[in-house]
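> Using only what follows, build the 3D model:
(one chain, ligands or ions: 1)
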Amino acid sequence: MENAIEVSHLSFAYTEEAETIKDVSFTIPKGSYTTIIGHNGSGKSTIAKLIIGLLGAKSGTIKILDQVVSPETIYELRSHVGIVFQNPDNQFIGSTVADDIAFGLENHCVPQEQMQDLIDKSAAAVGMTDFLDAEPTHLSGGQKQRVAIAGILAMAPEIIIFDESTSMLDPQGKASINQEINHLHQSRDITILSITHDMEEVAQSEHVIVLNQGKIEMEGTPKEIFAHPDLLKNMQLDIPFALKFSKYLQSKGILHEDILTLDKVVDAICQLKSTD
Ligand SMILES: Nc1ncnc2c1ncn2[C@@H]1O[C@H](COP(=O)(O)OP(=O)(O)OP(=O)(O)O)[C@@H](O)[C@H]1O
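Numbers count the residues shown, from 1 in each chain. So this is what the prediction gives:
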């Protein structure tokens, strides 16, 4: 399978005293959904900034769609990668929400007649239809995050990087955006790299990278990663609620395996009832 992103022996330091990223290597296959987790300050956002060339590596290489990221290539490469940051305040350009979502589309020369449809659909996907004429600066933190996500959804680039971009959303908003990300990934084959503290989102991804003090500590499927709750706890990380619940049901003899999502826990219980 071709790779969307290849990171090879990447190191980076903000200061001379200490390295923030220490010899990190990983690959993200095209069309895959990867999450990066790690304690605060483990270097997750720094990796995202290195990938899109906002920071320059001290050593190592990064390839996007088989091209090495460098000052010469980054401008062209960015047309294939959309990124939504944690702090939406730094991302607004338009004077209304609609203008803001339109900005990326205009840059990509999307015809006017398609533009309105894309703005409407992406605003609806993040629950912001009623705010299209609002000024972005007047929105709450979570609403701003929704608009920033809508701007990227509208452009549907080949690769999307989410850097804790649902951190300010209420639980329902988070769940519906997670659903939207999953839908986008499955229906359009878009490569997703999501930096997150939301273990429910991690459970829906295909591959997980666990970062600890600038190094990769573990890598694998969500099931493989969540099979080590004690290791995760040592890194201030948790397992999804559904997994805790399924472990509890196992202790009561009701279920017989670890299950990562609530939907699947409910399916398993329904299955038991139907075989009673
Ligand atoms: N501009 C900067 N100058 C100096 N040090 C920085 C800078 N930005 C980040 N750091 C340091 O680099 C380390 C990694 O930061 P980074 O933001 O990548 O972590 P993170 O894993 O994304 O954290 P969080 O989960 O809190 O968002 C931290 O120790 C942080 O203090």
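> so where's the longest helix in this structure?
helix 171-188 (DSSP state H).
> Counting by contacts, list what that helix packs against.
If you count contacts as 3 or more C-beta pairs under 8 Å, 6 or more residues apart in numbering; DSSP states H and E, helix 171-188 packs onto strand 33-38, helix 141-155, strand 159-163, strand 191-195, helix 199-204. For glycine as for every other residue, the C-beta is placed from the backbone atoms N, C-alpha and C.
> what's the spacing between the lowest-mean-pLDDT helix or strand in the chain and its chain's center?
Every helix and strand in the chain was compared by mean pLDDT, DSSP states H and E; the lowest is helix 171-188, with a mean of 84. Centroid separation for helix 171-188 versus its chain: 10 Å, with C-alpha atoms, centre = their mean, to the nearest Å.
> Kindly calculate the angle that that helix makes with strand 191-195.
150 degrees (axes from the mean of the first three to the mean of the last three C-alpha atoms, to 10 degrees).
> Can you point out the buried residues in helix 171-188?
Neighbour-count burial for helix 171-188 flags 173, 174, 176, 177, 178, 180, 181, 184, 185 (criterion: 16 or more other C-beta atoms under 10 Å).
> of those, closest to the ligand?
For the buried residues of helix 171-188, the residue nearest the ligand by C-beta to the nearest ligand atom is residue 174; the value is 16.1 Å.
> ok, the closest one touching residue 166?
Yes: at 4.9 Å, residue 174 and residue 166 qualify as touching, with contact defined as C-beta atoms under 8 Å.
> Pull the contacting residues for the residue positioned nearest the centre of the chain.
Centroid check for the chain by C-alpha atoms, centre = their mean gives residue 194 as the closest residue, at 1.9 Å. Shown in contact with residue 194 (C-beta atoms under 8 Å, 6 or more residues apart in numbering): 33, 34, 35, 36, 161, 162, 181, 201, 205.
> Lowest-confidence member of those residues, which is it?
Lowest pLDDT among the contacts of residue 194: residue 181, with 85.
> what pLDDT does the residue in the stretch 151-276 of the chain that the ligand sits nearest to get?
Here the stretch 151-276 of the chain gets closest to the ligand at one residue, residue 164, 5.9 Å apart by C-beta to the nearest ligand atom. In this prediction, residue 164 carries a pLDDT score of 90.
> can you tell me how far the nearest residue to it once chain neighbours are set aside sits from residue 188?
Leaving aside its chain neighbours, residue 164 sits nearest to residue 86 (4.0 Å; criterion: C-beta to C-beta, 6 or more residues apart in numbering). Computed as C-beta to C-beta, to the nearest Å, the residue 86 to residue 188 distance reads 24 Å.
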